[in-house]
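**Student:** Sequence plus the predicted model coming up.
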Amino acid sequence: MRVDADDFARPCSCGREHQIAVKEILIEAGAVEKLEEEMSEGMLREYISPLVICDTNTYAATEELMEDIYDRCQVLVLDAEGLQADRHAIGDALQGLHFDLVVDTAYTGEDAADLLNALESYEDYVLISSSAVYPEYAPAPFTEETQLAENVHWGAYGTNKIAAETALMERNPKAYILRPPYLYGPMNNVYRETFVFDCALENRKFYLPQEGGMKLQFFHVEDLCRFIDILVERHPKQHIFNVGNKESISIREWVTLCYQAAGKQAEFVEVTAEEEQRNYFSFYNYEYALDVTKQLALMSGTKPLADGLKEAYDWYVVNQDKVNKKPYLAYIEKHLA
C-alpha cells in the first residue's frame with residue numbers, strides 16, 4: 001500500500017510546520033519477502049538508499065535471510081517493547097478475520113465495547129477481570145454471586161472492570177469472565193514479588209508490615225492460561241469464575257518464599273501500623289479471599305507457590321528492565337532505615 005507523503009506535510013495539530021523529506025511510503029504485509037523485488041523491479045528501484053523500518057523481532061528473525069538487502073538499505077529498527085497499539089482506533093483492521101479465541105484484558109467499558117465493535121467473527125471470548133470488582137465490606141470469601149460495587153482500596157480500577165464486564169455481557173452473554181486475585185509469574189511487570197527479589201539480591205533486611213500476618217491470595221499466570229484452555233475445550237454452563245489458589249498465604253510466609261527463590265534467607269524488620277503500608281510495601285493493607293470452588297471443579301490443583309516464585313525469579317534476573325518499579329526502597333532508606 002502506498003501512502004501519500006503529502007498527507008504528512010499538512011498543518012500539524014501542534015501548530016508547527018514539519019519538513020518532510022520522504023517522497024514515497026510503502027506499507028506491505030509480508031514486506032520482507034517483497035523487498036528484493038521492489039528494489040530490483042518495483043517502486044524502490046529508482047532510489048539510491050531506501051529506508052526499511054521494522055521492529056526488533058522482525059529484524060532478528062530476518063537478519064540472516066536479508067543480510068545482502070539490508071546492506072543496500074538504511075534500516076531503522078524500532079524497539080518492539082515500546083510499540084503501542086490503540087484499541088480505540090481499530091477501524092476495520094479486524095474485518096474479514098475470524099478468531100477462535102479472544103482473550104481481553106479490557107480496563108473499561110469503552111475498552112470492551114470498542115473491541116467488540118471491531119470484531120467481525122470469533123468463537124470464544126474470555127475477559128480477564130479482577131477481584132477488585134467486589135466491595136471490601138462484602139462477606140468473605142467472595143463468591144461469583146457476591147454483589148459487585150466499588151472497593152475503597154481499588155477505586156476506579158474496580159468500577160471500570162465492572163463496566164467492562166457489563167459491556168461484554170450485554171453484547172455476548174455466552175462470553176466468559178475470570179476474576180483473579182494477585183497474578184504472578186514470569187513477565188509480571190507489576191512490582192510485587194520482584195520488589196522482594198530486589199531486596200534479596202541486595203541482601204537487605206525486609207521491612208514487614210507489623211507481624212506479617214495479613215494474608216494474600218495468588219494465581220500463577222500459567223494456571224490462568226490452563227483454565228482458559230479448559231473453558232474453550234469444555235464450554236461449561238457457568239460463565240463467571242473466581243480463579244486463584246485455594247489457600248491464601250501470610251505476607252511473612254510469602255516474603256520468605258521470595259527470598260528462598262533467590263537463594264537467600266529473609267531477615268525481617270517489623271514496621272508499626274502507624275506507617276502507611278503502601279509507601280514501603282507492594283500491597284494495600286487489605287485482606288480478602290476468593291471462593292474458587294467452581295474453578296477447582298474444572299481444574300484440580302494449581303502450581304505450588306514456591307515453584308511459581310522460582311520461575312518468576314529466574315525470569316526477573318534477566319529482565320529487570322521490564323518491570324515498572326516503585327520507590328519503596330527510597331522511602332525505606334529515608335524514613336525507616
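**Tutor:** Thanks, I have it. Numbering: from 1, shown residues only.

**Student:** mind listing what the residue nearest to E136 when sequence neighbours are not counted touches?
**Tutor:** Distance criterion Cβ to Cβ, 6 or more residues apart in numbering; nearest residue to E136, sequence neighbours excluded, is N151 at 5.1 Å. (Glycine included, C-beta is placed from N, CA and C.) Contacts for N151 (Cβ atoms under 8 Å, 6 or more residues apart in numbering) come out as A132, V133, Y134, P135, E136, G158.

**Student:** Pick out the most distant pair among these.
**Tutor:** Using Cβ to Cβ, the contacts of N151 reach their maximum pairwise distance at V133 and E136, which is 11.5 Å.

**Student:** Which one's more surrounded, these two?
**Tutor:** V133 (25 against 17; other Cβ atoms under 10 Å).

**Student:** looking just at contacts, which helices and strands does whichever strand or helix holds F99 meet?
**Tutor:** Element membership for F99, per DSSP states H and E: strand 98-104. Counting contacts by 3 or more Cβ pairs under 8 Å, 6 or more residues apart in numbering; DSSP states H and E, strand 98-104 packs against helix 109-118, strand 121-128, helix 221-234.

**Student:** In its sheet, which strands sit next to that strand, and in what direction?
**Tutor:** Sheet pairing for strand 98-104, assigned by DSSP bridges, gives strand 121-128 (parallel).

**Student:** tell me which residues in the strand it pairs with are buried?
**Tutor:** Neighbour-count burial for strand 121-128 flags Y122, D124, Y125, V126, L127, I128 (criterion: 16 or more other Cβ atoms under 10 Å).

**Student:** What of stretch 108-122?
**Tutor:** By neighbour count with 16+ other Cβ under 10 Å, stretch 108-122 contains the buried residues T108, G109, D111, A112, A113, D114, L115, L116, A118, L119, Y122.

**Student:** likewise stretch 211-224?
**Tutor:** Of all the residues in stretch 211-224, those buried under the rule 16+ other Cβ under 10 Å are G212, M214, L216, Q217, F218, F219, H220, V221, D223, L224.

**Student:** where do the strands sit along the stretch 1-150 of the chain?
**Tutor:** 2-3, 25-26, 51-55, 74-78, 98-104, 121-128 (DSSP state E, counting those that start in this stretch).

**Student:** let me fix that: the stretch 201-337 of the chain
**Tutor:** Using DSSP E, counting those that start in this stretch, strands in the stretch 201-337 of the chain cover 206-209, 215-216, 218-220, 240-242, 249-250, 268-271.

**Student:** Let me know which of these is tucked in deepest.
**Tutor:** Of all the strands of the stretch 201-337 of the chain, strand 218-220 carries the top mean neighbour count, a mean of 25, counting by mean count of other Cβ atoms under 10 Å.

**Student:** ok so, going back, of the contacts of N151, just say which sits nearest to F195.
**Tutor:** So of these, ranked by how close each gets to F195 (Cβ to Cβ), first place is A132, at 20.0 Å.

**Student:** looking at it, the closest one is touching Y157, isn't it?
**Tutor:** Yes: using Cβ atoms under 8 Å, A132 is in contact with Y157, at 5.5 Å.

**Student:** So those two - more neighbours on which side?
**Tutor:** A132 (23 against 14).

**Student:** Could you report the pLDDT at the more buried one?
**Tutor:** The per-residue pLDDT reported for A132 equals 97.

**Student:** before we move on, what about I90?
**Tutor:** What the model reports for I90 is a pLDDT of 84.

**Student:** show me what contacts it?
**Tutor:** With contacts defined as Cβ under 8 Å, 6+ apart, I90 is in contact with D114, L115, A118.

**Student:** do G185 as well
**Tutor:** By Cβ under 8 Å, 6+ apart, the residues touching G185 are H220, V221, E222, G308, E311, A312, W315.

**Student:** could you dump those residues to TSV with pLDDT and distance to A61?
**Tutor:** Formatted as TSV, the contacts of G185 follow (pLDDT from 0 to 100; distance: Cβ to Cβ, whole Å):
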residue	pLDDT	distance to A61
H220	98	29
V221	96	25
E222	96	25
G308	98	30
E311	97	26
A312	98	27
W315	96	22
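
**Student:** Which of these sits closest to T293?
**Tutor:** Distance to T293 across the contacts of G185 (Cβ to Cβ) is lowest for H220, with 18.7 Å.

**Student:** how near is the closest one to F268?
**Tutor:** 25 Å (Cβ to Cβ, to the nearest Å).

**Student:** go on, F219?
**Tutor:** Distance, F219 to F268, by Cβ to Cβ: 26 Å.

**Student:** in the chain, what secondary structure element scores lowest on mean pLDDT?
**Tutor:** Lowest on mean pLDDT, DSSP states H and E among the helices and strands of the chain sits strand 2-3, with a mean of 53.

**Student:** still on that earlier bit, list just the nearest of the buried residues of stretch 211-224 to R278.
**Tutor:** R278 has its nearest neighbour among these in M214, at 12.6 Å by Cβ to Cβ.

**Student:** these two touch, right, that closest one and Y284?
**Tutor:** No: if you go by Cβ under 8 Å, M214 and Y284 don't touch, sitting 9.6 Å apart.
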